[in-house]
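In: Sharing a model that was predicted from the sequence below.
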Amino acid sequence: MDFKLIADENIPNSVIKQLRGKGYKIVSIREMKRGIDDEEIIKLSNKKQKAIITMDKDFGYLTYYQKMNPYGIILLRINPQSPDIIYSTIMHVLNLIKSQNIDLKNRFIVTDGKTLRIRKY
């Protein structure tokens with residue numbers, strides 16, 4: 001399964017580099033359009049058909065209350081937010097959804113590093 005991903009600005013560059021090293025096709029908001037608002041990231045997600053990886057809980061509000069549905073989203077609710085923990089959490093999520101053959105399209109995935117919740121919208 002080939003995941004196409006957009007890393008929000010709160011995902012460290014070192015994590016993005018590691019994911020690219022593993023062969024993931026991931027673009028970084030920091031590299032593309034630093035400072036754009038969440039609504040623009042959602043539009044970009046749909047236009048490029050890429051799921052957003054973020055630690056910003058505002059995407060839940062935008063998705064479920066404002067009905068601004070991104071292509072897909074992976075929300076990391078982890079603490080501490082060190083690059084090593086962020087990377088290992090993302091890899092855990094990607095490996096799990098790959099093994100379960102879960103499509104990221106129209107999925108809101110939330111993890112705290114221990115549990116995973118997947119909702120379709």
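Out: Everything's here; your move.
In: Go ahead and report the secondary structure state at the nearest residue to M32 once chain neighbours are set aside.
Out: Excluding its sequence neighbours, the residue lying closest to M32 (CB to CB, 6 or more residues apart in numbering) is L44, at 7.9 Å. The way it works is simple: take the backbone N, C-alpha and C, and place the C-beta from them, glycine included. Here L44 is recorded as helix under DSSP: H, G, I helix; E, B strand; the rest coil.
In: if I look at L44, how far off is G23?
Out: 22 Å (CB to CB, to the nearest Å).
In: Same question for M91.
Out: Noted for M91: a distance of 12 Å to G23, by CB to CB.
In: Which one of L44 and G23 is surrounded by more residues?
Out: Of the pair L44 and G23, L44 is the one with more neighbours under other CB atoms under 10 Å, namely 19 against 9.
In: for that one, what are its contacts?
Out: L44 is in contact with I6, M32, K33, I36, K50, counting by CB atoms under 8 Å, 6 or more residues apart in numbering.
In: I'd assumed M68 was in contact with Y121.
Out: No. With contact defined as CB atoms under 8 Å, Y121 does not reach M68; the gap is 10.6 Å.
In: Relative to K47, how far out is I97?
Out: Distance from I97 to K47, by CB to CB: 22 Å.
In: Settle it for me: which of these two has more neighbours?
Out: Neighbours per residue (other CB under 10 Å) separate I97 from K47, with I97 holding more: 21 against 9.
In: hang on, isn't that one packed against M91?
Out: No. Assessed by CB under 8 Å, I97 is found out of contact with M91, at 11.2 Å.
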